[in-house]
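Q: have a look; sequence and predicted model below, questions after that.
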Amino acid sequence: MRVHLSKPITEIALSLSSILEKSSSLSSLKKAHAKIFTFGIQNDSQVLTKLTTLYISFNSIDIASVLFKYIANPNSYLWNVMIRAYACGGQFHQSLELYCLMMEKGLRPDKYAFPMALKSCAALSDLPAGRLIHQHSVCCGCGNDLYIDAALVDMYAKCGEVEAARQVFDKMSVRDLVCWTSMVSGYVHNGCNSEALEFFDLMRCSGVKPNRVGILSVLLACGNLGALRRGQWFHDYVIKTGFRSDILIATAIVDIHSGLIEEGNKYFRLMREEFGIEPKLSNYSCMVDLLGRSGQLSEAEKLIQTMPVEPDVSILGSLLGACRVHGNIDLAEKIADWIFQLDPFHVGYHVLLSNIYAAKSRWVEVEKIRKIMARRGTNKIEGFSLIEHNILIHKFGAGDKSHPQSEKIYSLLEELATPMKRLGYMPLTDCVLHDIEGEAKEAALSYHSSFWSISEPWYQEFQQ
């Protein structure tokens with residue numbers, strides 16, 4: 001790197017910026033960056049701006065964010081670049097914080113920053129921020145931009161506002177595959193499985209060829225509905241389109257065939273009508289489980305009530321579990337009362353009913369269950385997980401800090417959270433039986449014993 005020091009500072013900065021652009025790797029950029037200090041212009045805004053954008057191009061967001069803070073008055077372009085960089089790097093909180101700070105300073109986001117900010121809202125399920133950014137995009141004259149509209153559809157769908165997502169979709173003059181797929185997966189994500197299948201049919205009739213995510217979504221919808229015939233059609237479609245080797249799609253197909261409602265009903269009837277075999281308690285149990293899994297809870301209840309034998313706790317417990325999956329509190333209370341008449345001291349079903357109440361944020365009822373359990377002496381047994389690693393057996397309890405590497409394992413879990421979410425992991429915060437906010441629930445889940453157990457060998461591998 002040769003630069004004439006006799007030139008004015010601005011010319012030196014321009015020369016250095018031109019040389020920096022020629023950096024072909026992160027290591028060469030760092031070497032060039034180090035030499036800048038010899039010219040005494042390491043704090044020059046023009047040089048810092050160029051360095052920041054180059055570090056972002058090499059995915060070194062942490063270094064770029066440090067440099068960004070040293071720039072006296074970053075231009076609008078650089079703010080937008082940083083917002084996109086944070087979002088693409090999975091640092092969604094930082095992306096939104098920077099967006100808000102940019103708006104406070106009176107700077108205008110560009111049409112490329114809006115989709116990234118909306119992506120952050122979707123990842124964080126931050127609906128109020130998403131609505132605000134929607135308003136900003138309209139005010140900035142970006143109301144009909146394809147990429148912003150696609151990001152809005154995805155954001156609203158992932159934040160539980162599937163109708164708002166559909167309204168944005170219907171107003172779009174041009175729709176790409178991403179928009180169609182976001183709507184299909186959004187319907188499934190919000191439990192609107194029938195609507196997802198109808199929308200998928202509309203998508204195909206419009207000449208849009210579905211991708212992997214779209215196919216996976218409709219297969220999940222078929223599984224949730226127990227729609228075997230539609231599932232079989234999609235199975236054939238998967239084979240024809242070459243997605244058969246995809247592990248997630250293959251798993252969804254297996255899930256569909258595990259809910260063969262019509263076939264199960266058929267053979268259940270044939271036992272008595274054709275073969276003269278009187279169904280046993282275990283046969284009734286299978287049918288209740290089958291109906292419960294497919295969401296036919298009233299049919300499952302009717303079957304229990306018309307059984308020629310008295311139901312046992314396991315059959316009723318199966319239906320109670322289905323009530324939790326499908327969010328039917330009224331039936332859950334009815335079945336739970338029945339269970340507690342048969343076995344008032346069963347810990348598992350007290351906890352299951354408490355889970356159902358917690359999922360609907362009915363904390364008064366959760367507290368009542370806790371008091372009943374305490375009064376009956378049916379306290380929940382503390383769970384733990386075991387894992388073998390390098391011949392040694394490690395035991396972990398929820399929130400355990402007795403392990404010698406506990407602090408480092410906690411740190412590793414926090415580091416894994418963002419990339420896990422980026423790959424599709426969604427914390428089931430419904431399982432946390434405490435009246436706390438979503439982020440606190442996610443933190444509580446991260447201390448679950450099973451997370452501890454799988455993190456320990458990873459930590460040991462990293463150490464090696």
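A: Structure received.
Q: quickly note the distance from Asp145 to Met172.
A: 10 Å (CB to CB, to the nearest Å). Just so you know, the C-beta spots here come from the backbone N, C-alpha and C atoms, and that holds for glycine as well.
Q: can I get the CA coordinates of the helix or strand where Ser27 lies in CSV?
A: According to DSSP states H and E, Ser27 maps onto helix 26-36. Output in CSV follows, covering the C-alpha atoms of helix 26-36 (Å, rounded to 0.1, in the frame of the first residue of the first chain):
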residue,chain,number,x,y,z
LEU,A,26,-11.1,-10.6,5.4
SER,A,27,-7.4,-11.1,6.3
SER,A,28,-6.2,-8.8,3.6
LEU,A,29,-8.7,-6.2,4.6
LYS,A,30,-7.5,-6.3,8.3
LYS,A,31,-3.9,-5.9,7.1
ALA,A,32,-4.9,-2.8,5.0
HIS,A,33,-6.9,-1.5,8.0
ALA,A,34,-3.8,-1.8,10.2
LYS,A,35,-1.7,0.2,7.8
ILE,A,36,-4.2,3.1,7.8
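Q: who are the packing partners of that helix?
A: Judged by 3 or more CB pairs under 8 Å, 6 or more residues apart in numbering; DSSP states H and E, helix 26-36 is in contact with helix 9-20, helix 45-57.
Q: mind listing what's buried along the helix or strand containing Gln167?
A: For Gln167, the enclosing helix or strand under DSSP H and E is helix 162-171. Buried residues in helix 162-171, defined by neighbour count with 16 or more other CB atoms under 10 Å: Val162, Ala164, Ala165, Arg166, Val168, Phe169.
Q: same deal with stretch 109-129?
A: 109-110, 113-124, 126-127, 129.
Q: what about those, which are in helices?
A: Using DSSP state H, 113-124, 127, 129 are the members of the buried residues of stretch 109-129 that sit in helices.
Q: could you dump those to CSV with pLDDT and distance to Arg370?
A: Listed next are those as CSV, based on pLDDT from 0 to 100; distance: CB to CB, whole Å:
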residue, pLDDT, distance to Arg370
Ala113, 88, 47
Phe114, 92, 46
Pro115, 92, 45
Met116, 93, 44
Ala117, 94, 41
Leu118, 95, 40
Lys119, 94, 40
Ser120, 94, 37
Cys121, 93, 35
Ala122, 92, 35
Ala123, 91, 33
Leu124, 91, 31
Leu127, 92, 31
Ala129, 93, 35
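Q: will you turn those into CSV that also has distance to Arg362?
A: Below are those laid out as CSV (distance: CB to CB, whole Å):
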residue, distance to Arg362
Ala113, 40
Phe114, 38
Pro115, 37
Met116, 37
Ala117, 34
Leu118, 32
Lys119, 33
Ser120, 31
Cys121, 28
Ala122, 28
Ala123, 28
Leu124, 25
Leu127, 22
Ala129, 27
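Q: quick one: Ile277 is in a helix?
A: No. Looking at Ile277 with DSSP: H, G, I helix; E, B strand; the rest coil, it is coil, so not inside a helix.
Q: still on that earlier bit, how about the helix holding Ser27: buried residues?
A: Those would be Leu29, Ala32, His33, Ile36, for helix 26-36 by 16+ other CB under 10 Å.
Q: angle of it against helix 45-57?
A: With axes from the mean of the first three to the mean of the last three CA atoms, to 10 degrees as the basis, helix 26-36 and helix 45-57 are set at 160 degrees to each other.
Q: helices or strands up against the helix or strand that contains Ala151?
A: Using DSSP H and E, Ala151 sits within helix 146-158. On a contact count with 3+ CB pairs under 8 Å, 6+ apart, helix 146-158 meets helix 113-124, helix 127-139, helix 162-171, helix 177-189.
Q: need the residues that contact the third one.
A: Put plainly, it is helix 162-171. Contacts with helix 162-171, where a contact means CB atoms under 8 Å, 6 or more residues apart in numbering, come from 149, 152-157, 175, 179, 182-183, 186-187, 189-190, 192, 195.
Q: ok, now the first one?
A: Contact partners of helix 113-124, identified using CB under 8 Å, 6+ apart, comprise 79-80, 83-84, 86-88, 90, 92-93, 95-96, 99, 109, 126-127, 129-130, 133-134, 136-137, 140, 142, 145, 147-148, 150-152, 154-155, 158-159, 421.
Q: switch the cut-off to 6 Å
A: 80, 83-84, 87, 92, 95-96, 99, 129-130, 133, 137, 147-148, 151, 154-155, 158 (CB atoms under 6 Å, 6 or more residues apart in numbering).
Q: if I look at Lys334, how far off is Thr306?
A: 16 Å.
Q: who's more crowded, these two?
A: Lys334 (16 against 8; other CB atoms under 10 Å).
Q: and the more buried one, what's its pLDDT?
A: Looking at Lys334, its pLDDT stands at 96.
Q: quick one: Asn264 and Leu291 touch, right?
A: Not quite, residue 264 is Gly, not Asn. No. If you go by CB atoms under 6 Å, Gly264 and Leu291 don't touch, sitting 8.4 Å apart.
Q: who's more crowded, the two?
A: Neighbour totals were compared for Gly264 and Leu291, and Leu291 leads with 26 against 17 (other CB under 10 Å).
Q: what sits against the closest residue to that one other than its chain neighbours?
A: Spatial nearest neighbour of Leu291, chain neighbours left out: Ala300 (3.9 Å); criterion: CB to CB, 6 or more residues apart in numbering. The contact partners of Ala300, by CB under 6 Å, 6+ apart, come to Val288, Leu291, Gly292, Leu319.
Q: closest one of these to Glu310?
A: Val288 (13.6 Å; CB to CB).
Q: look up how far Gly191 lies from Glu333.
A: Glu333 is 21 Å from Gly191, by CB to CB.
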